[in-house]
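Asks: next comes the sequence, and after it the predicted model I'd like to discuss.
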Amino acid sequence: MKYSKELLKYSRNEDFPSVAGVYILINKKNEKVYIGCTRDLRARIATHRSLLLRGRHHSKEIQQAFNKNCLVAKVLAILPHANQTLLREAELILIQASPHLFPSGIINKKLISYANYVK
């Protein structure tokens, strides 16, 4: 995809669009992904990066991948006119499809049970 940097640590905010969408953070070592949605991709990825640079990310697995220079950010879908409901639905569809799209697994496991509950 057009919006991608090899390593999140070295990407710039300008590398990502300032629109609503769905993104993934990929651990290049084990290919597990974190799936997220936001109204502003640039701001959300910048927040992830800021927390990671300070060693304060809520996910230990993501923090470890970042510390080992193994974390990549990619935009999966741009939804410029999406409201929060549409963004959540897009995120849930990707989580539900994750066994087929991301066979190595996903990092945000709490969302798997929620996605299965919403079916």
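Replies: It's in. Numbering: from 1, shown residues only.
Asks: these two touch, right, Val22 and Tyr34?
Replies: No - with contact taken as Cβ atoms under 8 Å, Val22 and Tyr34 are classed as non-touching, separated by 11.4 Å. All C-beta spots, glycine's among them, are computed from the backbone N, C-alpha and C.
Asks: look up how far Cys37 lies from the residue nearest the centre of the chain.
Replies: Closest to where the C-alpha atoms of the chain average out (Cα atoms, centre = their mean) is Ile24, at 2.8 Å. Counting by Cβ to Cβ, to the nearest Å, the separation of Ile24 from Cys37 is 10 Å.
Asks: give me the neighbour count for Leu79.
Replies: Residues near Leu79, counting by other Cβ atoms under 10 Å, number 17.
Asks: brain fart, His81
Replies: Neighbours around His81, by other Cβ under 10 Å: 7.
Asks: and the strands in the chain?
Replies: Taking DSSP state E, the strands of the chain run over residues 4-5, 21-27, 33-38, 71-78.
Asks: appreciated, that's everything.
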